[in-house]
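Participant: just the structure for this:
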Amino acid sequence: MGRRWFVSGSSCRGLFLGTPAAVAAPGDAACLQASSQFEAALSAAGITEASVTQIDATSQAAATAQAAYAALVEAATADESAAVAAAIDGLEAARAAEDAAEAAAEAAEDSGDPAAIAAATAAADEAEAAADAAEQALQDSQDAYNAAIDTPEIRDAQGVLEAAARDFETALAAVSLDRPPPQASRDSSRPS
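Facilitator: This is a model prediction of the structure:
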């Protein structure tokens, strides 16, 4: 959404930076006054040709850095990402089995049958152990993923991305549509 704004802002630069609306004859006093007031309001908000160019350039740099970083991470973690996804699925299945085993154990307790209670309790214990193992497997896969992205190349790309993001935020901070429009001097409004 932000990129669309910047592209639109760049393509409409002439409109925002000094092109008066064609609602009056060229040189018409009202047209010139409206154009001057409009340009003053844009300038007060920090919207100038230079600021629009800076925002566009820094947003493009940030997008390029983000794409480069994401490509490196994806290439370095193809196997690890698949392992993490599989571990998540395994943990969810193990927890569902644990819940079912606990419910069965409670039902066995209600039945009062010693053999059924013993069997259900053993099954619940096994399901709990399986869930613990699945949780550990997920932790191990996440550790492997983190190790895979801990490389000098990826760290450098992350640094470039963070610097580009800071430059973009700085460019945005120079523009504020919340600034009040410039007020005419009281002296200039007094009748002579």
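
Participant: domain ranges for the chain?
Facilitator: What automatic domain parsing lists as the domains of the chain is 1-77+159-182, 78-148.

Participant: and the shortest one, how far apart are its ends?
Facilitator: Pointing back at domain 78-148 there. Using C-alpha to C-alpha, to the nearest Å, the end-to-end distance of domain 78-148 comes to 10 Å.

Participant: what separation do you get for Ala97 and Ala130?
Facilitator: Between Ala97 and Ala130 the computed distance is 7 Å (C-beta to C-beta, to the nearest Å). Every C-beta, even on glycine, is put in place using the N, C-alpha and C of the backbone.

Participant: confidence-wise, which of the domains of the chain is weakest overall?
Facilitator: When those are ranked by mean pLDDT, domain 1-77+159-182 comes last with a mean of 70.

Participant: assign Asp110 to helix, strand or coil.
Facilitator: helix (DSSP: H, G, I helix; E, B strand; the rest coil).

Participant: what's the spacing between it and Glu98?
Facilitator: 19 Å.

Participant: likewise Asp125?
Facilitator: For Asp125 relative to Glu98 (C-beta to C-beta), the value is 10 Å.

Participant: with neighbour numbers in mind, choose between the two.
Facilitator: Taking neighbours as other C-beta atoms under 10 Å, Asp125 and Glu98 compare with Glu98 leading, 19 against 12.

Participant: any idea how far that one lies from Ala148?
Facilitator: Counting by C-beta to C-beta, the gap from Glu98 to Ala148 is 30 Å.
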